[in-house]
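Undergrad: Here is a sequence with its predicted model. Questions after.
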Amino acid sequence: MLPGVAGASVDRTSAMHAYARGRLADSDGAAALALDNYRRALAADPDQLEIARRSYFHALISGDMALAMRSATLLDRDGVLPRDGALLFLSDALNRKDWQAAHRLTDRIVAESNFAFLGPILRSWIALGEGKAATVEITGTDRFASLIRRYADEHAAMQALARGNVAEAEPAIQRALQLRTVDLAELRLSFAAQLAGQGAKVQALTLLPANQANYARARDRLEKGKGAGAAGKPLTPSQGYGRLLTRLATDISTDEATRILGIRLARTGSFANPSGADSRIVLAQLLSEAGYSHSAPAEARKVPVDGWFGTLGQGALVDALTRSGDKGAAISLARTLATAPGAEAERHVRLGTLLADADDFSGAAKAFRDAQARYAPDAVPWALLLFEGSALEQGGQWDDARAVLERAARIAPDEALVLNYLGYAQIERRQNVDAALALLKRASALKPQDASILDSLGWAHFVAGNVKEAVPVLERAAAGAPGDATINEHLGDALWTAGRRFEARYAWNAAAVFAEGDAVARLASKAREGWKPEYAAR
């Protein structure tokens, strides 16, 4: 609530009313309406810090740079600007090529410490803008040296290419690619575009693996002598800064607590580099993960389908559509991407996952087999076999599923997930109970704290008639996952059979809180009448 407004009459033209409408729209997920009302509220009452604060955050989420700058200026005036606000001001200074302001803001960013490690890279881009020799200077005594090096080679390469120095850029490109534990298609495409823009076609092609759909359009353009187009133009300091913030946004967004900051960084990066595909792709991902799923598809669609990064943008769009609830459109697009020549395994996995979620288990199994076809027969990852086996099992093709899962277990005898799935699926069907119990014992030994595996092991003991052994294992499972309906139902059945009937009903009631489908009626019957064979847990 705004200070001093409790019990006041409502003026529908007031800042307070606009602010309240913005909050309501915000809570309903109506981002455009919320943004419009925050804008109105700030214009009506620029001295109200709570309005400025809310406007600042929402403008960054929604992508309104003018509102973000106005709000940030007001917050900064009163000394309450979040530390990423200076990054927003720097984006504006670089867009305006105001190098003096950029130097001052960089000094401020370093002094405020949160993003101080970016200083050497920021100064190198500013120097490039001033027409000076641009180098990323890292001293051995710099306490942020290891963090700076994570990004330094990428920007050293881009700056060398901006100066037309391909020879200097090449080793930095290789170092930047080798530093990443996960190969980033966007980074390879960006380097290739920049090299192509300098006429280094051969070097560009070496960065783009053949027979992979993510790189097919770029390779085709280069081989036909069309070049990289706008993507091959040398980066400006503003664009380089945008890339830096976008990469940082990806790296820090590891959980719910850091994802909102990641969005703000990526958005500030997009303000600095509006045509950058990287920020749009990252924003689509982070907005989806942070609960702004209805805004995410719009970001992914800003990547031109027929552009240099079009295939990556389409992949991001599939994920954004999925999280926004438009699963039909997501499956349709995922199918198109998976049928493209040279489609990577990840495209088939994405399609398979979507089909499995839509209960098309036969289609999912085929998609997972298509993913496996991208590997040599003796190099198929066990995870792809587990995916296929799971789809077959859920689709009622148990004999085929078992064969696939057993192959996965031979390939990965120490993978608890595989052992658990194969063991539990057999226990459910009361097949090979002793052998399945042995698999589950091994899975639990590999992951002794995993509640799901403990449940499988405890239930296997129960099915095998080892009630005394089953109860303590299931109790440990329930302690590890108190909100799991299946685990609590299993525990209740075991407790009843062990003669602990009051505790059994307690466990069944706990399961009923989270139960769905057939389990709801079954648990109600057990709580009322006690355990009977026809009420046994599935």
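TA: Arrived safely, thanks for sending.
Undergrad: Who are the contact partners of K526?
TA: Residues in contact with K526, defined by CB atoms under 8 Å, 6 or more residues apart in numbering, are G492, D493, W496, A504, R505, W508, K532, Y535. No exception for glycine: its C-beta is placed from N, CA and C like everyone else's.
Undergrad: Can you give me the domain boundaries for this protein?
TA: Per the TED database, the domain ranges recorded for the chain read 15-81, 446-537.
Undergrad: okay if I get those as JSON lines plus distance to V202 and mean pLDDT?
TA: Shown next, in JSON lines, are those (distance: least, CB to CB, whole Å; pLDDT from 0 to 100):
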{"stretch": "domain 15-81", "distance to V202": "39", "mean pLDDT": "76"}
{"stretch": "domain 446-537", "distance to V202": "48", "mean pLDDT": "95"}
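Undergrad: Pull the distance from the helix or strand where L177 lies to the chain's centre.
TA: Using DSSP states H and E, L177 maps to helix 166-179. Taking the mean of its C-alpha atoms, helix 166-179 sits 27 Å from the chain's own mean (CA atoms, centre = their mean, to the nearest Å).
Undergrad: looking at it, A512 is touching A527, isn't it?
TA: Yes: in this structure A512 lies within contact range of A527 using CB atoms under 8 Å: 7.0 Å.
Undergrad: check contacts around the most centrally placed residue in the chain.
TA: Closest residue to the average C-alpha location of the chain: Q285 at 5.4 Å, with CA atoms, centre = their mean. Q285 makes contact with A296, A316, D319, A320, according to CB under 8 Å, 6+ apart.
Undergrad: before we move on, what about A524?
TA: Contacts of A524 (CB under 8 Å, 6+ apart): A512.
Undergrad: could you pull out the helices for the stretch 351-500 of the chain?
TA: With DSSP state H, counting those that start in this stretch as the criterion, the stretch 351-500 of the chain has helices at 361-372, 382-394, 398-411, 416-428, 433-446, 451-463, 467-480, 485-497.
Undergrad: Run through who's touching the second one.
TA: Contacts with helix 382-394, where a contact means CB under 8 Å, 6+ apart, come from 345, 349, 352-353, 355-356, 361-362, 364-365, 368-369, 371-372, 375, 398, 400-402, 404-405, 407-408, 411-412, 415, 417-418, 421-422, 425.
Undergrad: So for it, mean pLDDT?
TA: Throughout helix 382-394, pLDDT has a mean value of 98.
Undergrad: For it, what is the distance to the chain centroid?
TA: When distances are taken as CA atoms, centre = their mean, helix 382-394 is centred 23 Å away from the chain's centroid.
Undergrad: next one: the fifth one
TA: On the basis of CA atoms, centre = their mean, the separation between the geometric centre of helix 433-446 and that of its chain is 33 Å.
Undergrad: what packs against it?
TA: In terms of contacts (3 or more CB pairs under 8 Å, 6 or more residues apart in numbering; DSSP states H and E), helix 433-446 is packed against helix 416-428, helix 451-463.
Undergrad: Just want the angle from it to helix 398-411.
TA: 40 degrees (axes from the mean of the first three to the mean of the last three CA atoms, to 10 degrees).
Undergrad: how about helix 433-446: buried residues?
TA: V433, A436, L437, L439, L440, K441, R442, A443, S444, L446 (16 or more other CB atoms under 10 Å).
Undergrad: likewise stretch 503-522?
TA: Going by neighbour count (16+ other CB under 10 Å), the buried part of stretch 503-522 is E503, A504, R505, Y506, A507, W508, A510, A511, A512, A515, A519, R522.
Undergrad: SS state for the fifth one?
TA: In terms of secondary structure, A507 is helix; the call rests on DSSP: H, G, I helix; E, B strand; the rest coil.
Undergrad: ok, the closest residue in space to it that isn't next to it in sequence - contacts?
TA: Distances taken as CB to CB, 6 or more residues apart in numbering put G492 closest to A507, at 3.5 Å, once the chain neighbours are dropped. Going by CB under 8 Å, 6+ apart, G492 touches A504, R505, Y506, A507, W508, A511, K526, W531, A537.
Undergrad: how about those residues, which pair is most distant?
TA: Using CB to CB, the contacts of G492 span at most 15.6 Å, a distance reached by Y506 and A537.
Undergrad: Number of residues surrounding P297?
TA: A total of 24 residues lie near P297 under the criterion other CB atoms under 10 Å.
Undergrad: which of the residues in the helix or strand where it lies are buried?
TA: Assigned by DSSP H and E, P297 belongs to helix 296-300. Neighbour-count burial for helix 296-300, with 16+ other CB under 10 Å as criterion, is recorded at A296, P297, A298, E299, A300.
Undergrad: Make JSON lines out of these and add distance to A204.
TA: Conversion of the buried residues of helix 296-300 to JSON lines gives the following (distance: CB to CB, whole Å):
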{"residue": "A296", "distance to A204": "31"}
{"residue": "P297", "distance to A204": "31"}
{"residue": "A298", "distance to A204": "31"}
{"residue": "E299", "distance to A204": "27"}
{"residue": "A300", "distance to A204": "25"}
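Undergrad: Quickly name whichever of these is closest to V380.
TA: A300 (30.6 Å).
Undergrad: Pull up the per-residue confidence for that closest one.
TA: For A300, the pLDDT comes out at 96.
Undergrad: residues in contact with it?
TA: Applying CB under 8 Å, 6+ apart to A300 gives the contacts R280, I281, A284, G313, Q314, A316, L317, D319, A320.
Undergrad: Now the first one: which helix or strand?
TA: It stands for R280. Going by DSSP H and E, R280 is part of helix 277-289.
Undergrad: before we move on, what about the fourth one?
TA: G313 is located in helix 310-324, with elements delineated by DSSP H and E.
Undergrad: Can you list the buried residues in that helix?
TA: The neighbour-count check on helix 310-324 (16+ other CB under 10 Å) flags 311-324 as buried.
Undergrad: With stretch 85-101 instead?
TA: Buried, per 16+ other CB under 10 Å, within stretch 85-101: G85, A86, L87, L88, F89, L90, S91, D92, A93, L94, N95, W99.
Undergrad: Turn those into TSV, including secondary structure.
TA: Putting those into TSV (three-state DSSP) gives the following:
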residue	secondary structure
G85	helix
A86	helix
L87	helix
L88	helix
F89	helix
L90	helix
S91	helix
D92	helix
A93	helix
L94	helix
N95	helix
W99	helix
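Undergrad: Columns distance to L177 and pLDDT on top of those, output as a markdown table?
TA: Converted to a markdown table, the buried residues of stretch 85-101 look like this (distance: CB to CB, whole Å; pLDDT from 0 to 100):
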| residue | distance to L177 | pLDDT |
| --- | --- | --- |
| G85 | 33 | 95 |
| A86 | 31 | 97 |
| L87 | 26 | 97 |
| L88 | 30 | 97 |
| F89 | 32 | 98 |
| L90 | 27 | 98 |
| S91 | 27 | 98 |
| D92 | 32 | 97 |
| A93 | 31 | 98 |
| L94 | 26 | 98 |
| N95 | 29 | 97 |
| W99 | 31 | 98 |
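Undergrad: got the residues you listed as TSV, with distance to Y215 columns?
TA: Shown next, in TSV, are the buried residues of stretch 85-101 (distance: CB to CB, whole Å):
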residue	distance to Y215
G85	38
A86	37
L87	32
L88	34
F89	37
L90	33
S91	30
D92	35
A93	35
L94	30
N95	31
W99	36
